[in-house]
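Colleague: Predicted model and sequence follow; I will ask about them next.
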Amino acid sequence: MRDREQGYLEEIQALRERTGMLEEELRSLRELVNLDDLTGLHNIRYLGKRLEEEIRGFQEKGREFSLVMIDIDNLKAVNDSLGHLAGSSVIRAVARCLKTTLRAYDVCVRYGGDEFVILLPETEEDKAAGVAWRIVHSIAGQAFVYDRHPLSITVSAGVAGISRCPGGAGEVFRKADEFLYQSKRQGRNRVSAGMTPALHARVGGN
């Protein structure tokens with residue numbers, strides 16, 4: 001009788017261990033679903049979940065957040081001259097720069113192609129613009145090389161904060177995108193946001 005009880009206990013323990021392993025595998029699979037294959041950054045699916053959380057935090061507690069949209073300048077020229085593997089290498093290198101520049105709880109997402117979106121929790125638009133300028137300066141100062149070919153890589157950015165977007169998440173995205181293309185029109189390798197020129201210069205602009 002005692003041996004049988006011991007056998008049951010061992011089976012129960014084995015089942016618990018197996019259940020724990022399966023739960024860990026499931027967590028890993030869920031995480032992989034939220035990751036971009038090329039860069040290892042989160043993907044747009046994960047951004048949607050986090051953005052919903054930040055919207056609730058702003059509505060219920062007035063907790064600010066901002067979005068930064070980033071686009072690699074002239075990546076098509078790299079693809080055309082050196083091939084798409086070179087372009088992919090540049091995208092991965094920029095992703096690594098973004099990871100090292102941001103805080104642990106910021107959300108950095110590859111939005112598609114050569115675009116990235118950064119969600120900055122508890123960050124007003126003006127401070128977010130400062131973060132964006134640090135990213136722009138950091139990437140412009142990097143020495144990128146592909147297959148012994150030195151590359152001059154820059155990025156452009158647009159910034160929008162929730163407090164200046166009464167239309168909610170959709171308006172934050174739209175304004176950040178509009179400011180991104182303003183940066184493109186004004187010569188690239190820069191940040192655009194909804195602030196006065198004096199403040200813009202103070203947070204990092206020229």
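Modeller: Sure thing, it's come through.
Colleague: and the residue sitting nearest the centre point of the chain, what are its bridge partners?
Modeller: What sits nearest the mean C-alpha location of the chain, by C-alpha atoms, centre = their mean, is Cys108, with 1.4 Å. Beta bridges link Cys108 to Ile118, judged by DSSP bridges.
Colleague: and it, what is it in contact with?
Modeller: 41-42, 95, 98-99, 102, 116-119 (C-beta atoms under 8 Å, 6 or more residues apart in numbering). Where you see a C-beta, it was placed from the backbone N, CA and C, and this is true even at glycine.
Colleague: gap between the one helix or strand Gly48 maps to and the chain center?
Modeller: Here Gly48, judged by DSSP states H and E, is contained in helix 44-61. In terms of C-alpha atoms, centre = their mean, to the nearest Å, the centre of helix 44-61 is set 14 Å apart from its chain centre.
Colleague: mind saving the C-alpha coords of it as CSV?
Modeller: In CSV, the C-alpha atoms belonging to helix 44-61 read as follows (Å, rounded to 0.1, in the frame of the first residue of the first chain):
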residue,chain,number,x,y,z
ILE,A,44,3.0,45.7,-34.3
ARG,A,45,0.8,43.1,-32.6
TYR,A,46,2.6,43.7,-29.3
LEU,A,47,2.6,47.4,-29.8
GLY,A,48,-1.2,47.3,-30.1
LYS,A,49,-1.5,45.6,-26.7
ARG,A,50,0.8,48.0,-25.0
LEU,A,51,-0.8,51.0,-26.6
GLU,A,52,-4.2,50.0,-25.2
GLU,A,53,-2.6,49.8,-21.7
GLU,A,54,-1.1,53.3,-22.1
ILE,A,55,-4.4,54.7,-23.3
ARG,A,56,-6.2,53.4,-20.2
GLY,A,57,-3.4,54.8,-18.0
PHE,A,58,-3.8,58.2,-19.6
GLN,A,59,-7.7,58.1,-19.3
GLU,A,60,-7.8,56.9,-15.7
LYS,A,61,-4.7,58.4,-14.2
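Colleague: Which elements pack onto it?
Modeller: On a contact count with 3 or more C-beta pairs under 8 Å, 6 or more residues apart in numbering; DSSP states H and E, helix 44-61 meets strand 65-72, strand 107-112, strand 115-121, helix 169-185.
Colleague: what pLDDT, on average, does the longest one get?
Modeller: Helix 169-185 carries an average pLDDT of 94.
Colleague: Give me the buried stretch members for the helix holding Gly48, please.
Modeller: 46-47, 50-51, 54-55, 57-58 (16 or more other C-beta atoms under 10 Å).
Colleague: okay, the helices and strands packed on helix 44-61 in JSON lines with distance to Gly130 next?
Modeller: Listed next are the helices and strands packed on helix 44-61 as JSON lines, based on distance: least, C-beta to C-beta, whole Å:
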{"stretch": "strand 65-72", "distance to Gly130": "11"}
{"stretch": "strand 107-112", "distance to Gly130": "17"}
{"stretch": "strand 115-121", "distance to Gly130": "10"}
{"stretch": "helix 169-185", "distance to Gly130": "15"}
